[in-house]
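Enquirer: Have a look at this prediction, sequence included:
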Amino acid sequence: MIGILAASEDELQPVLDAMLIHELGRKSRLVFHVGTVGGIAAVAAFSGVGKVNAAIAAQCMIDLFNPARLYVTGVAGALGGPYGIGDTVLVRRVAHHDLEPGVLTAYHPFMPSEWYELDRSTRTLHRPAASQKPRWSAGSSSSPRPTNCGSERLSGRSVWIWRAPLTRRCATPTTRRSRSSRP
């Protein structure tokens, strides 16, 4: 089973539209849509905005469903560089954008690097996507220092970026709640 999280209903809706939903699970005011997407067992939920809400939703999803992989989808703000509206970014590594470099390496949890590396088996899943049309191109990953996001990092292949047409627009944030998502 895979887990899919998004911050808002609008961001999760394309996933729900593609899912065959068998049941709903609930915990901590979160609604988990359980079913299949593309023949793969999946659970999907929207967390609400922010790192704390995302962490709570991810932990609840792990506790209840134990997904083998957890994917986060939705709209994100770019720090600069080659990213544009409608781009799909598959990362190989990520870092906090709102912490000073070195905080997590000098203090608990004493990480060996400020980067969280994606595991090899998940990176392998990106390879078929890189050969699809429209073509994926190499790009740089987000970092704690926005100045690291530039053309000098494009050859690093930290991230794959897919140039895709924007298929859904949401002009303003919505407070609409569907019946299936009410706690």
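Expert: In hand now; what should we look at? This one's a predicted model, so the numbers in the text were calculated from it and none came from an experiment. Numbering: from 1, shown residues only.

Enquirer: isn't F32 right up against F46?
Expert: No - distance between F32 and F46: 10.0 Å, which falls outside the contact criterion (Cβ atoms under 8 Å). Using the backbone N, CA and C atoms, a C-beta is placed for each residue, glycine as well.

Enquirer: Counting neighbours, go ahead and name the busier of those two.
Expert: When F32 and F46 are compared for neighbours, F46 comes out ahead with 25 against 19, by other Cβ atoms under 10 Å.

Enquirer: ok, which stretches of the chain are strands?
Expert: Along the chain, counting by DSSP state E, strands occupy 2-6, 19-27, 30-37, 40-46, 69-72, 88-91, 93-94, 116-117, 136-139, 159-162.

Enquirer: Serialize the ones you listed to TSV and add fields for distance to Q59.
Expert: Output for these, formatted as TSV (distance: least, Cβ to Cβ, whole Å):
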stretch	distance to Q59
strand 2-6	11
strand 19-27	10
strand 30-37	10
strand 40-46	12
strand 69-72	10
strand 88-91	21
strand 93-94	18
strand 116-117	16
strand 136-139	30
strand 159-162	26
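
Enquirer: Give me the nearest residue to N53, chain neighbours excluded.
Expert: Counting by Cβ to Cβ, 6 or more residues apart in numbering, N53 lies nearest to S47, which is 4.6 Å off, once chain neighbours are set aside.

Enquirer: residues in contact with that neighbour?
Expert: The contact partners of S47, by Cβ atoms under 8 Å, 6 or more residues apart in numbering, come to L5, A6, A7, L30, N53, A54, I56, A57, A58.

Enquirer: hang on, I62 packs against R69?
Expert: No - taking contacts as Cβ under 8 Å, I62 lies outside contact range of R69: 11.0 Å.

Enquirer: Overlap in contacts, these two.
Expert: Common contacts of I62 and R69 (Cβ under 8 Å, 6+ apart): G3.

Enquirer: so what are the domain limits for the chain?
Expert: 1-75, 76-166 (automatic domain parsing).
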